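> my questions concern the predicted model and sequence given below.
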Amino acid sequence: MNGAPTEPEVVDEVHGVAADIGSMEIRGAATIADTAARALGVQAAESEADEPSTFRAQLRAAARVLYDTRPTAVSLPNALRYVFRDVEGTTVEELRTSVRASVAEFRDRLDTAQNDLGRVGANRLRDGDTVMTHCHSTDVLACIETAVEQGKSLSAYVKETRPRNQGHITADALADIGVDVTLIVDSAARRYLNDVDHVLVGADSIAADGSVINKIGTSGLAVNARDRGTPIVCAAQTIKLHPGTLTGHTVDIEMRAESEVIDDEQAAKIGDPTVLNPAFDVTPPRYVDAIVTERGQYPPESIVTLMRDLFGEGSDHPWDA
Ligand SMILES: O=P(O)(O)OC[C@H]1O[C@H](OP(=O)(O)O)[C@H](O)[C@@H]1O
């Protein structure tokens, strides 16, 4: 009698990276994309498959493990799709080489894109400006770092960004490059918006209508910034563009554990309330002044043109094949 079909073998590194993405040890949309692509490269390098079909099945299984970690940041499936697009070969060794090349090309492009985006974003910043940041975005940091390298002196109000306080990472990174940092709690943001020249946020996904999906609290900040007349700019490489939204799909908002908000003991003290912990929210395009990408800056409403140019209607999942 035949047993159950065996699952294609996925190497330990891929499981480890997937666990680290799930626990947010590895986080930030660009970093997730980079690490996921690298993990596919390790899968290819360490595969012991002796048949091309087995090699391909393992690669697909590895991609599924990575894909299933966090639902909101589209950079993850976009990275996997990029690697799969160019996998070619009739032998295991040819396939291995082509995955290696594809991963290297992807990671290279990611680096270049962030540098190019940084230069575009830096052009918006003037010497003596004050920015306000939310969460921790390497795309936002690239803009500020480039401006500082250009000799501009900047100050920053950094929102701590509950529940995980990723604003602390931003505060540390900005202080390191000589930005004058003031850390504030999230609810103090409106109070200081009048002292701010630009609100800078990142993105986990950008929808076809120009909506920005970013760390929870972004939409409230954007509404307040608009009310105060402070420009709000989203720094997002084109890998954050969500091709599925071209065909009417919506972006899943990740719900995370209650324990990130309150521990069991504290919860028990206040009668164990229901706790909701959405990681992201959606900022409608009318509250965003510009989306800064490596290809220049765009009004949010025009981002759909760029999305179509870069992705067509391509939001397939080749790892499900
Ligand atoms: O790609 P970069 O700009 O580094 O980060 C983009 C976004 O990723 C983060 O999500 P999380 O901390 O992974 O939940 C934040 O929401 C941040 O704005």
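All right, it came through fine.

> confirm for me that residue 76 is in contact with residue 70.
Yes - contact between residue 76 and residue 70 holds when scored by C-beta atoms under 8 Å: they sit 6.8 Å apart. C-betas here are computed from N, CA, C, even on glycine.

> those two - which one has more neighbours?
Taking other C-beta atoms under 10 Å, residue 76 and residue 70 do not tie; residue 76 has more neighbours (25 against 22).

> residue contacts, that one?
Contacts for residue 76 (C-beta atoms under 8 Å, 6 or more residues apart in numbering) come out as 21, 29, 32-33, 36, 66-67, 69-70.

> and if we set it to 6 Å?
Counting by C-beta atoms under 6 Å, 6 or more residues apart in numbering, residue 76 touches 32, 36.

> same question for residue 282.
Per C-beta under 6 Å, 6+ apart, neighbours of residue 282: 211, 213.

> secondary structure element holding residue 107?
helix 92-124 (DSSP states H and E).

> who are the packing partners of that helix?
If you count contacts as 3 or more C-beta pairs under 6 Å, 6 or more residues apart in numbering; DSSP states H and E, helix 92-124 packs onto helix 29-46, helix 52-67, helix 75-85, helix 138-149, strand 290-293.

> the inter-axis angle of that helix versus helix 52-67?
Calculated by axes from the mean of the first three to the mean of the last three C-alpha atoms, to 10 degrees, helix 92-124 forms an angle of 30 degrees with helix 52-67.

> any idea how far whichever residue of the stretch 201-321 of the chain sits closest to the ligand lies from residue 235?
Nearest to the ligand, among the residues of the stretch 201-321 of the chain, is residue 202, at 2.9 Å (C-beta to the nearest ligand atom). Residue 202 sits 6 Å away from residue 235, going by C-beta to C-beta, to the nearest Å.

> give me every residue in the stretch 201-321 of the chain that's in contact range of the ligand.
Counting by C-beta under 6 Å from any ligand atom, the stretch 201-321 of the chain comes close to the ligand at 202, 204, 214-215, 279.

> these in strands, which ones?
In strands, defined here by DSSP state E, the members of those are 214-215.

> now that we have the residues of the stretch 201-321 of the chain next to the ligand, can you turn them into a markdown table and tack on neighbour count?
Below are those laid out as a markdown table (neighbours: other C-beta atoms under 10 Å):
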| residue | neighbour count |
| --- | --- |
| 202 | 27 |
| 204 | 29 |
| 214 | 30 |
| 215 | 24 |
| 279 | 21 |
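
> pLDDT wise, what is residue 86 at?
Note on residue 86: pLDDT of 84.

> typo on my end, it should be residue 1
Reported pLDDT for residue 1: 41.

> over to residue 312?
pLDDT, residue 312: 77.

> neighbours around it, how many?
10.

> same check on residue 265?
By other C-beta under 10 Å, neighbour count at residue 265 equals 7.

> repeat for the one 4 residues further on
Around residue 269 there are 9 other residues, counting by other C-beta under 10 Å.

> can you give me the distance of residue 214 to residue 202?
Distance from residue 214 to residue 202, by C-beta to C-beta: 6 Å.

> and residue 149, by the same measure?
From residue 149 to residue 202 the distance is 19 Å (C-beta to C-beta).

> residue 13 - how many residues pack around it?
Using other C-beta under 10 Å, residue 13 has 17 other residues around it.
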